[in-house]
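>>> need a 3D model of the sequence below.
(one chain, ligands or ions: 1)
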Amino acid sequence: MFLELRQVAFSYPQKTSPAVIGINLSLKKSGITAIVGPNGSGKSTLTKLMLGILPASEGQIYLEGRNITEYSLAEVGRQIGYVFQNPDLQLFCASVAEEIAFGLVNQGCDVATLEERVNFYLDYFELAAYRKSFPLHLSQGEKQRLAIAAVLANEPEFLILDEPTNGLDAYRKRLLEEYLHKVAELGRGILLVSHDIAFVDRMAERIIVLANGQIQSDSNQRGEGYLCY
Ligand SMILES: Nc1ncnc2c1ncn2[C@@H]1O[C@H](COP(=O)(O)OP(=O)(O)OP(=O)(O)O)[C@@H](O)[C@H]1O
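Model (predicted):
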């Protein structure tokens, strides 16, 4: 298993009830899984636990068989690409092109590959006209596309995307879907957190429903009303 959670719970300080509790979950390295559930059901908290951003209050989380507490955040980041729910928290470079190049430069990517990849992602996500712009001056949908492009450009083995369709119009959503399907076809794993039921319906082969911090259902089956939460 790529990720394994055993009896995981997490409580935010000064909160009386836990944000997530009793989570047992295994994720393979391939395939598209979605986590859905009402506001405040613990979806983002769960993804932050999987990334080691938050420490579990109870239970264990294993990444490729090793306890997540044994990894640095940078080590987890090399294995799991994470698109934040709010792109403003993710974007920090001086220009759009630098934002896409940042992870690749850190990986020691050679100049020719770097240029090719940055140009590819600028083109695919229709950001080429903004390559020299300051990322935080883009529109919400452009920022969202940039945040996604910057993570995809690193070509991580596994991707976690928190509300990736936020701010995207129907056409850009379709482009994202096509790209994520291609990523999945390459054998890489994708975990989507989303309220966008039509998007989840088209993308995910496994759907985990969270309610009150607990897994309410976890299914590959698509029975009638499976997404009514
Ligand atoms: N930094 C924080 N400090 C205190 N409580 C928090 C914090 N972040 C989240 N919570 C609480 O933890 C619970 C789970 O929140 P979380 O953001 O994980 O839910 P979610 O399912 O992702 O919600 P949404 O669909 O609105 O994004 C909620 O009750 C929320 O108020």
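
>>> what segments of the chain are helices?
For the chain, applying DSSP state H gives helices covering 43-50, 73-79, 96-106, 111-124, 140-152, 170-185, 197-203.

>>> make CSV out of those and add mean pLDDT.
Formatted as CSV, the helices of the chain follow (pLDDT from 0 to 100):
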stretch, mean pLDDT
helix 43-50, 96
helix 73-79, 91
helix 96-106, 94
helix 111-124, 94
helix 140-152, 92
helix 170-185, 90
helix 197-203, 92
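
>>> columns distance to the ligand on top of these, output as JSON lines?
C-beta: built from backbone N, CA, C; applies to glycine. Converted to JSON lines, the helices of the chain look like this (distance: least, C-beta to the nearest ligand atom, whole Å):
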{"stretch": "helix 43-50", "distance to the ligand": "3"}
{"stretch": "helix 73-79", "distance to the ligand": "17"}
{"stretch": "helix 96-106", "distance to the ligand": "24"}
{"stretch": "helix 111-124", "distance to the ligand": "26"}
{"stretch": "helix 140-152", "distance to the ligand": "15"}
{"stretch": "helix 170-185", "distance to the ligand": "18"}
{"stretch": "helix 197-203", "distance to the ligand": "13"}
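
>>> could those go into a markdown table alongside distance to residue 164?
Formatted as a markdown table, these follow (distance: least, C-beta to C-beta, whole Å):
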| stretch | distance to residue 164 |
| --- | --- |
| helix 43-50 | 12 |
| helix 73-79 | 18 |
| helix 96-106 | 16 |
| helix 111-124 | 15 |
| helix 140-152 | 6 |
| helix 170-185 | 6 |
| helix 197-203 | 8 |
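
>>> turn those into a markdown table, including mean neighbour count and distance to residue 34.
Listed next are the helices of the chain as a markdown table, based on neighbours: other C-beta atoms under 10 Å; distance: least, C-beta to C-beta, whole Å:
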| stretch | mean neighbour count | distance to residue 34 |
| --- | --- | --- |
| helix 43-50 | 23 | 10 |
| helix 73-79 | 14 | 20 |
| helix 96-106 | 20 | 25 |
| helix 111-124 | 15 | 23 |
| helix 140-152 | 23 | 16 |
| helix 170-185 | 15 | 11 |
| helix 197-203 | 16 | 4 |
